[in-house]
Every structure is written in C-alpha cells, then in structure tokens.
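Student: coords please:
(chains A, B, C and D)
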Protein chains: 2
Amino acid sequence: MPETASLSAIQDSPFARKLAAFVKLSDLDLTAMSDLYRRRRRFAVGVDMIHQGQTNQSAYVVASGWACSYKILPGGSRQIVDIQIPGDFLGLRSVLFRTADHNVEPITLVQASEVKQRDLLNTFSQTPRLATAVLWAASRDEAMVVEHLVDIGRRSATERMAHFLLELGARLRLVGLGTRAGYLCPMSQYLLADALGLSAVHVNRVLRELREEGMLTFQKGRVVFDDYDALVEMAGFDRTYLDQDRPLLL
Amino acid sequence: MPETASLSAIQDSPFARKLAAFVKLSDLDLTAMSDLYRRRRRFAVGVDMIHQGQTNQSAYVVASGWACSYKILPGGSRQIVDIQIPGDFLGLRSVLFRTADHNVEPITLVQASEVKQRDLLNTFSQTPRLATAVLWAASRDEAMVVEHLVDIGRRSATERMAHFLLELGARLRLVGLGTRAGYLCPMSQYLLADALGLSAVHVNRVLRELREEGMLTFQKGRVVFDDYDALVEMAGFDRTYLDQDRPLLL
DNA sequence: CAGCCGGACTGATCTGGATCAGCAATCGGA
DNA sequence: TCCGATTGCTGATCCAGATCAGTCCGGCTG
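Tutor: I've put the predicted structure just below:
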C-alpha cells in the first residue's frame, strides 16, 4: 500500500518527530502534513531564504541543513536571533504577518519544503490538532528566544557560549543529529559572534578558555562536550523546556 | 437579547480587539471566547501569578492592570522578558509545556480571566479560527521578544530605552490606552533596569539624557513623547510588526 | 608553483556601563 | 507627626568586552 508507506515516511521526518513529542498525530494529521510537504526546494549558501520587509513570503520546514534567522539594524550590525536545524519551522511569522520582520540565511546547503500561506491556514482549519501542535512548536521556539534573551542580558560571555552550545546540542539530539558527547556544527566563529552579541575575537578567546578548562572543545566544525555536567552547572542550563518526555495531548 | 449584549461586551474587550486585527471573528468564535472569560480573578502586587518550575498552571487573559514575566538565574539577577498589558495572553507557554519556564508578577493590581488547560485545548479543537488567532497573537509576542533581544544585544542603552518605550506605546495604543503623545506607565526605574539589562542607576542617567535632548519625558509614572519622529529615527523603531492595518484572514 | 583569501588566533588599548556610596524627596503607616 | 521605606538622582571608580592591528595556517586558483 503506497499510502501507508508514504505515511510512515512522513512519520520519520524530523518535523513529525518533533511534533509527536507534543501530540499524538492521527493518520489524518499525517496526511495533511504530507500535503504540506510537497514543494521541496534547495537553497545554497549566500542566498537568503526570507528577506526582511518583503511581503507574501512562504514558510518552510527544514528537511536537511542549517539556517539562521537574523535582523539587520540601521547601523549595519546584525543580531542572529535563532538557528534552524532539520525539523524546524522557518518563516512562520512572515506568513502570519503580511511582511517578514527578519531575514533567514542558509548556513549550509538547505533542503526545505515550501508551505504557502493559503495551504497553511487551510490545513489549520481542517486539522485543529495540527494547528495546536504548530502553536506548541512556535511556543517552544519562543521559549528558546527567551532563553537567548536571558543569555545576552544577564549571562557572562563564557556562560552564554556554554548555554548556547548546550541548547543546540539538546535540540539536535531531539532529531537524532547529536549525542551527549557532541555534534557536528557548521557555524563559523563569526556566526557565533553574531548570535551571542560578542565580537569574533572574543568568541575565539572564550572558546579557548572553555577548551583549556576541559569543558568543551569546538574545533574543525565539531563540538565535543568534554565535561557535560560541569558545563550544565556552569551555564545554568535548564533542560525542562526541551525535554518533553511524553505527549501532552493524546 | 442577553446573548447579543454579552457578545458585544466580549467584542469590546482588549483581547478581542487585538485578535480582530488578525482574523474576523465569527459569533461562534466570540461565544467560545466568552466561555474562556468566565473565571475572573484579581492579583495584588507582590503575589506572583505564575511560578517558574510549577506544573499544571493556568493561563490568563489580562482585563486590566500591568504584569511582567521574568526569569531568575542561579546567581540572583533577573531578566524581565516581556510586559503584559490589558488584552495580552499570559502564561500560554506554561500551559502548553507541562511546567512553567518563567515567573509572572503583577506590576499593578491585575484583573484577569483564568483559562484552564483543558478549556483552552477544547476551544482550539472546536474553533480552529480562534486557534489560528491565538497562534498569531503568540507570534506577535515572539516578535516582540525578538525585538527585545536585538535591543539588548546590539543597541546602546539610550536606543534600547527609546525603543522599549516606543514599543510599549504602540501596544497600548492598540488597546486604546495611549496616544502618540504618551501614556501612563506604572513601571519604576528598577523594573525598567531589569527589563533592559541595565543598572537602575544607568536607567536614571539615560532617562535624564533623553529628557534633556527633548526626546521624551518619563516622570511621575507618565511617558510623554516630546519628539516622536526623532525618537523613532534614533531607536530604529520598525512599526510593521505592530501595525496590522487590516485582518489577514476574513 | 606563487599568490590569494578566509578563518582561526593573539596582544595592546579603549570605553560603555556596572558597581559603590551617598543624598534628597515623597509616601504610607503607626 | 515622625520614622522608615521606596524612588529618584548624582559623582567616582572599575572591569568585561569591544576595537584595532596584526600573524599564522590551510585550501583554492591561475
């Protein structure tokens, strides 16, 4: 039966894996999801996926690759707001508002499914459970932005770095792309700087310190947690908002 | 007819006013909303409405008064993440996740309607339009947190202050509690400091500078925009994400 | 092969905003 | 009516992290 085959394919996608942590998805929900998945597209590094100020943008669900959303301020400097990894929704706000309030740029080659505004709103009205699940995912993203805000507002450069890399690790583990030992991370130190509100120079210093203290090593595109527990302790990392152990809505 | 009378009462509530900027609400939606509105409660200053780490919290829709959500870090310092004014949802994340990831504290006496988890999820499954509207409102809140993040990460203390007070003004105007000239603001300089990641002392300095430059005056619980346009220019304030001129979803 | 370029890395210097310390005005309660 | 608590205001000092000004190394190109 081709239907069930495609259903199980959807079920294994990072997006479904993530949402399944919140709601138990029915076959109807999965079918609706697979409809959203039709229009697959590729984005090369250097070509923005979403442009601040543009109207009628689509949203995307990332299938593979990394991207980052950021804002440019009058003055030239930029702030990276969030990192998108496989399974993440991207540009949801640019669909719900008429104009995009941020940019999204691929960090690596990105493969993603385009979701048009009309399709999204239709799907919501037909499968309310899926709408609730997306609300949950959006809230989870908001929780991460909040954590990021606290990072920048109240944590030292070292704590910030540790917290950021821990969170990324936890997210990657959820979609099977990392372990407690570490993960592959294609971010340059310049990107890290823009994300953490530091200068690239200082990022380098902080990474060296963490390495020398035996906490974590980030070299050659690979993050290795040398002492996970000490890192969690030092960064004040709170796992609860990422560890949804069982679906809330059955 | 008591039904239509109560419907129009709901329609005039700050919450409905806000959501109506996004979707045209049907009578069914409004009825569902009024059901959520039943359980009205009052919160005095000094009594937290939501506690970080607690489980099975309710959410609230603010009818009157101001509150703030914040996080406490190991170390004692706190970061105010967002301000809630009438019409705002509050504690949505603590309902969607099982445990609250932040605190909410009243700034003034707050009157709010309690929304239980079960009621909320039921309402969503019965009125998907309302679910979509709440998703929109949550995304709008996220956009503000993002803006707040950029504030703290990349703007100077003065720009930050200007931006924050402008945004608050725009939000208050949406629910009819302020004008382009200014608004009443019950926040102390200590609260402002916690929100902006500054020290109270520095908040004071910055406010004095803004006053002396003829940009804005914040004294005696009242914000007066002395030169609105100059302020917008200086802060790099982007109105788009708060100015939803017509409903997106009819 | 040389030449180039982008990323990682380092030391010296500068500065925005925190911290500390203290005073004046206002308010609310006994 | 006085006293303590809260908020607003100011100057002096200090430090985390920015900025500047480079070197070093590996990969890519002509």
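Student: my read is A:Asp194 is in a helix, agree?
Tutor: Yes - note on A:Asp194: a helix contains this position according to DSSP: H, G, I helix; E, B strand; the rest coil.
Student: domain boundaries for chain A, per the record?
Tutor: A:2-138, A:155-235 (automatic domain parsing).
Student: tell me which parts of chain A are close to DNA strand C?
Tutor: With CB under 7 Å from any atom of the strand as the criterion, chain A meets DNA strand C at residues A:Ser188, A:Gln189, A:Tyr190, A:Ala200, A:Val201, A:Asn204, A:Arg205, A:Leu207, A:Arg208, A:Gln219. C-betas here are computed from N, CA, C, even on glycine.
Student: re the thing from before, now the domains of chain A in a markdown table, with mean pLDDT?
Tutor: Output for the domains of chain A, formatted as a markdown table (pLDDT from 0 to 100):
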| stretch | mean pLDDT |
| --- | --- |
| domain A:2-138 | 87 |
| domain A:155-235 | 89 |
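Student: for B:Ser13, find the nearest of these.
Tutor: When these are ranked by proximity to B:Ser13, the top entry is domain A:2-138, at 21.1 Å, counting by CB to CB.
Student: distance from the closest one to the middle of the chain?
Tutor: Centre-to-centre, domain A:2-138 and its host chain are 10 Å apart (CA atoms, centre = their mean, to the nearest Å).
Student: again, but for stretch A:149-158
Tutor: Its chain's C-alpha centre lies 19 Å from the corresponding centre of stretch A:149-158 when counted by CA atoms, centre = their mean.
Student: so which bits of it are buried?
Tutor: A:Leu149, A:Val150, A:Asp151, A:Ile152, A:Gly153, A:Arg154, A:Arg155, A:Ala157, A:Thr158 (16 or more other CB atoms under 10 Å in any protein chain shown).
Student: just the residues of chain A next to DNA strand C now: which is nearest DNA strand C?
Tutor: Distances from these to DNA strand C were compared by CB to the nearest atom of the strand; the smallest belongs to A:Gln189, at 3.2 Å.
Student: secondary structure element holding A:Leu166?
Tutor: Applying DSSP states H and E as the criterion places A:Leu166 in helix A:157-174.
Student: now swap in A:Val81 and tell me
Tutor: Using DSSP H and E, the element containing A:Val81 is strand A:78-84.
Student: ok, and the closest non-adjacent residue to the residue nearest the centre of chain A?
Tutor: If you average the C-alpha coordinates of chain A and look for the closest C-alpha using CA atoms, centre = their mean, you land on A:Gln84, 3.1 Å from that point. Here the nearest residue to A:Gln84 in space, its sequence neighbours aside, is A:Ala67; by CB to CB, 6 or more residues apart in numbering or on different chains that works out to 4.4 Å.
Student: what bridges to the one you found?
Tutor: Beta-bridge pairing of A:Ala67, defined through DSSP bridges, involves A:Gln84, A:Pro106.
Student: does it really touch A:Asn103, like I thought?
Tutor: No - counting by CB atoms under 8 Å, A:Asn103 is not a contact partner of A:Ala67; they are 10.1 Å apart.
Student: the more surrounded of these two?
Tutor: Set side by side, A:Ala67 and A:Asn103 show more neighbours around A:Ala67, with 26 against 22, by other CB atoms under 10 Å in any protein chain shown.
Student: check contacts around that one.
Tutor: A:Phe43, A:Met49, A:Ile83, A:Gln84, A:Leu90, A:Val104, A:Glu105, A:Pro106, A:Ile107, A:Val110 (CB atoms under 8 Å, 6 or more residues apart in numbering or on different chains).
Student: which among these end up buried?
Tutor: Buried residues within these, defined by neighbour count using 16+ other CB under 10 Å: A:Phe43, A:Met49, A:Ile83, A:Gln84, A:Leu90, A:Val104, A:Glu105, A:Pro106, A:Ile107, A:Val110.
Student: quick one: which two of those are the most distant?
Tutor: Using CB to CB, those reach their maximum pairwise distance at A:Phe43 and A:Ile83, which is 15.1 Å.
Student: count the residues that sit near the closest residue to A:Ser94 other than its chain neighbours.
Tutor: Distances taken as CB to CB, 6+ apart place A:Ala100 nearest to A:Ser94, at 3.5 Å, with adjacent residues excluded. In terms of burial, A:Ala100 registers 22 neighbours under the definition other CB under 10 Å.
Student: so where's the longest helix in chain A?
Tutor: For chain A, the helix with the greatest residue count under DSSP state H is helix A:128-154.
Student: is that one positioned near chain B?
Tutor: Yes - using CB under 8 Å from any CB of the partner chain, we find that helix A:128-154 touches chain B at A:128-129, A:131-132, A:134-136, A:138-143, A:145-146, A:148-150, A:152-154.
Student: next to DNA strand D, which bits of chain A? Give me the list.
Tutor: So chain A meets DNA strand D at A:Ser156, A:Ala157, A:Thr158, A:Gly197, A:Leu198, A:Ser199, A:Val201, A:His202 (CB under 7 Å from any atom of the strand).
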